[in-house]
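Q: this is a predicted model, with the sequence first.
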Amino acid sequence: MAAKEQGKPLAPANSYHPRSDEEEVIVSSHIKLYQRKYVMCCGCVSALFLIIAVTAIVLGFTVFHVQGPRMKMNDVTIQRLEITNGTLRSDTNVTLLADVSIKNPNVASFKYGNTTTRVYYNGKEVGQGRAPAGVAKARRTMRMNVTVDIVPGEILVVPGFKMEVLSLKLTVSTYTRIQGKVKILMVNKNVVVELNCTMTYNFASKGIEREDCKQRVSL
């Protein structure tokens, strides 16, 4: 009787129940959906980084690319030039006024130090002048006057000066140098602009008759 009353043995707790085909399909679809979302997320992130990189490169070569300011000699006026019998008075300094413009094509201001202008006659330096430091605003053109004192004692000893003065014309060369910085975002770029001009001044018209300028920019 005892043997008959004994119950059936219980199934082990960790017994394996095989999944049905329906359960396998559901799990497989969840895995594929997760993989699809993961791939889409990675693709979106990669595309975003690519767009940022391309935009940065384009801006670096266009808007944020530092360009050299353009300098131009607009006009030159010679004052206090007194000639008697074809001779320049040696007791009075001659003043040369140079009208110079600086065009800044950058999206940031161009801050520059003192501007130096030297005047040469037949290769000999006969005068030098300076203009104070300043700022050329972004994409603007700024004009300034540079005053150069020419010492008669220096120019009188240069061969050919008297003959040229008698013709009421004077050919001189000028060298102007500007050094400054352009700051775009967190980058400071040193800029040096040099302008060499050769011009013929007409005493009768009191203006430049012929001019040839060449600019050099160092970044």
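A: Received, thanks.
Q: wait, isn't residue 150 in contact with residue 95?
A: Yes. Taking C-beta atoms under 8 Å as the definition, residue 150 is a contact partner of residue 95 at 7.3 Å. Yep, even glycine has a C-beta here, placed from its N, CA and C like the rest.
Q: more neighbours: which of these two?
A: residue 150 (23 against 16; other C-beta atoms under 10 Å).
Q: for the more buried one, what are its contacts?
A: Residue 150 sits next to 93, 94, 95, 96, 119, 126, 127 when contact means C-beta atoms under 8 Å, 6 or more residues apart in numbering.
Q: kindly reformat the residues you listed as TSV containing pLDDT.
A: Listed next are the contacts of residue 150 as TSV, based on pLDDT from 0 to 100:
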residue	pLDDT
93	68
94	79
95	84
96	86
119	92
126	89
127	89
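Q: closest to residue 192 among those residues?
A: Top of the list for closeness to residue 192, among these and by C-beta to C-beta, is residue 119 at 20.1 Å.
Q: contact partners for that closest one?
A: By C-beta under 8 Å, 6+ apart, the contact set of residue 119 is 96, 125, 126, 127, 128, 129, 148, 150, 172, 173, 174.
Q: so how far is residue 187 from it?
A: Distance, residue 119 to residue 187, using C-beta to C-beta, to the nearest Å: 36 Å.
Q: measure residue 133 to residue 110 for me?
A: For residue 133, the distance to residue 110 - C-beta to C-beta - is 11 Å.
Q: neighbour-wise, which of these two wins?
A: Per other C-beta under 10 Å, whichever of residue 133 and residue 110 has more neighbours is residue 110, with 28 against 13.
Q: next, the more buried one: phi, psi?
A: As for residue 110, its main-chain torsions (degrees, to the nearest 10) stand at phi -110, psi 110.
Q: dump the residue contacts of it.
A: With C-beta under 8 Å, 6+ apart, residue 110 has these contacts: 69, 102, 104, 135, 136, 180, 181, 182, 191.
Q: check the second one and give its pLDDT.
A: Spelled out, it's residue 102. Residue 102 is assigned a predicted lDDT (pLDDT) of 91.
Q: could you do the fourth one as well?
A: Model confidence at residue 135, given as pLDDT, is 90.
Q: list the helices and strands the helix or strand encompassing it packs on?
A: Assigned by DSSP states H and E, residue 135 belongs to strand 134-136. Packed against strand 134-136 by the contact rule (3 or more C-beta pairs under 8 Å, 6 or more residues apart in numbering; DSSP states H and E) you find strand 94-104, strand 110-112, strand 140-150.
Q: right, so those strands: which one is the most enclosed?
A: Among those, strand 110-112 has the highest mean neighbour count (mean count of other C-beta atoms under 10 Å), at a mean of 22.
Q: parallel or antiparallel, list what pairs with that strand.
A: strand 134-136 (antiparallel), strand 169-184 (antiparallel) (DSSP bridges).
Q: which helix or strand in the protein has the lowest average pLDDT?
A: Ranked by mean pLDDT, DSSP states H and E, the weakest helix or strand in the chain is helix 2-5, scoring a mean of 51.
Q: cool, thanks, talk later.
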